[in-house]
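Provide a 3D model corresponding to the input given below.
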Amino acid sequence: MSMTTSAGSSSPFEYAVDDCDVEDRTALVAYRDKRREWLEWLQGDPRNSINRQLYGMMWDDAAFRALNEARRFSSPTHPTGATAPLLAGLIDQGFVATQILTIARLVDHRRDVISLRRLLDDIAAHAHLITREIFVCHDGLPFDPVAAERYYWEREGWPASGEVIGLPTEGPDAFDISRMAHEAFDKVAASGPGPRARGDCIDPAVFVHLRDALATSDVAAILQLRHKFVAHAADASSRGKAGIERFGITLNQLEAAQRTLIQVAQRIELDLLWGSSRGVVPVPQYDQFAKLDLPIVPPERIGELGEWWHAHCDAREAWTRSTS
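Take a look at the predicted model:
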């Protein structure tokens, strides 16, 4: 696979431009600059990268669903704190709001944000740089895997019968990786199944398909909810137009939108940038269920909590009696 790098590395490429089997070196330099930027949006930014947003969305989803499942364990004879109205309402509203905002951020097409839609639009705007030769050879791979394989075996000699060897995975001898890169580009090439040429380009329909995926009815409904009920307080007439009373929001709707975003991100990283496949839900490095078996409030201190509540409310009510 093409080499990537962690944030802060000087270059994500192992081979110099002059060592790449690319005829259009000017386009290669421009592509490398854009690829660095795209990978930074996808993976590099420590706070706002697209993958970090996706991981956060799916972690919160898994955590909420686990707590939601825990509510099922409560019964009239064995009640649990998971069904406490104060806690359940806060968790529900917070989860829905953060999911709506995250999904909306990821499909935001403004030019001053890090989003899935902006990444897709920017790749489409620079698709002329992603020719077959640059897609395959931008970091040292040979363009012709057949010739590279023939030269490799002529130089190295064929292995003895039964001998186990490793093939090169990077650079001009990596004929098998070059073959895989060509096959990956075949899936998005405008030229179809015909002979492969260095100047083959990505089919514009690929970008149309991915944009359409980001505008499905499930995503559109969530954007309406964001506009009418999360980011702004709409009036009754405007709320009626959004149709919130009819469809609300469900876990199935959120799941459909999440699936769309994950799949589009995967297609961009694998099909357009020939990068690495990634997991969906982060793997915790701790026990995510630690202390969930404990009461929320020690029973003997529930009265103390009630006193705190009344004192807090009285302090807030005092705001209405003072203008200074």
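
which stretches of the protein have low pLDDT?
1-10, 162-164, 193, 227-248, 323-324 (pLDDT under 70).

What are the boundaries of the helices in this protein?
25-39, 50-71, 85-106, 116-125, 132-137, 145-156, 175-186, 204-213, 217-225, 236-242, 244-247, 251-267, 302-317 (DSSP state H).

So residue 37 versus residue 31, what's the distance?
11 Å (C-beta to C-beta, to the nearest Å). Glycine gets a C-beta too; all of them are placed from N, C-alpha and C.

And for residue 276?
18 Å.

of these two, who's got more company?
residue 31 (21 against 11; other C-beta atoms under 10 Å).

Now do the same contact list for the nearest residue to the more buried one once chain neighbours are set aside.
In space, and not counting its chain neighbours, residue 31 is closest to residue 129: 4.2 Å by C-beta to C-beta, 6 or more residues apart in numbering. By C-beta atoms under 8 Å, 6 or more residues apart in numbering, residue 129 lies in contact with 27, 30, 31, 34.

quick one: the first one and residue 132 touch, right?
No: using C-beta atoms under 8 Å, residue 27 and residue 132 do not qualify as a contacting pair, with a distance of 11.8 Å.

So which of the two has more stuff around it?
Using other C-beta under 10 Å, the more surrounded residue of residue 27 and residue 132 is residue 132, with 21 against 18.

so that one touches residue 183, yeah?
No: using C-beta under 8 Å, residue 132 is not in contact with residue 183; the gap is 11.4 Å.

Next, format the contacts of residue 129 as a markdown table and append distance to residue 299.
Output for these, formatted as a markdown table (distance: C-beta to C-beta, whole Å):
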| residue | distance to residue 299 |
| --- | --- |
| 27 | 71 |
| 30 | 67 |
| 31 | 65 |
| 34 | 61 |
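
Which of the residues you listed sits closest to residue 258?
residue 34 (27.8 Å; C-beta to C-beta).

and the closest residue to the closest one other than its chain neighbours, how far is that from residue 30?
Nearest in space to residue 34, with sequence neighbours left out and distances taken as C-beta to C-beta, 6+ apart, is residue 126 at 5.3 Å. From residue 126 across to residue 30, the span is 8 Å (C-beta to C-beta).

same thing with residue 96?
43 Å.

Pick out whichever of those two has more residues nearby.
Shown here are residue 96 and residue 30; by other C-beta under 10 Å, residue 96 has more neighbours (19 against 15).

Double-check the more buried one against residue 253; I have them as touching.
No: Residue 96 is beyond contact range of residue 253, at 10.3 Å (criterion: C-beta under 8 Å).

where do the contact lists of these two overlap?
In contact with both residue 96 and residue 253: no residue, using C-beta under 8 Å, 6+ apart.

for the helices of the chain, which one sits closest to residue 296?
helix 85-106 (6.7 Å).

for the closest one, packing partners?
helix 50-71, helix 217-225, helix 251-267 (3 or more C-beta pairs under 8 Å, 6 or more residues apart in numbering; DSSP states H and E).

Now do it against helix 217-225, angle only.
Interaxial angle, helix 85-106 versus helix 217-225 (axes from the mean of the first three to the mean of the last three C-alpha atoms, to 10 degrees): 110 degrees.

Now tell me what touches helix 85-106 from outside.
Here helix 85-106 has contacts from 50, 53-54, 56-57, 60-61, 64, 67, 71, 81-82, 113, 115-117, 219, 222-223, 225-226, 230-231, 249, 254, 257-258, 261, 296, using C-beta under 8 Å, 6+ apart.
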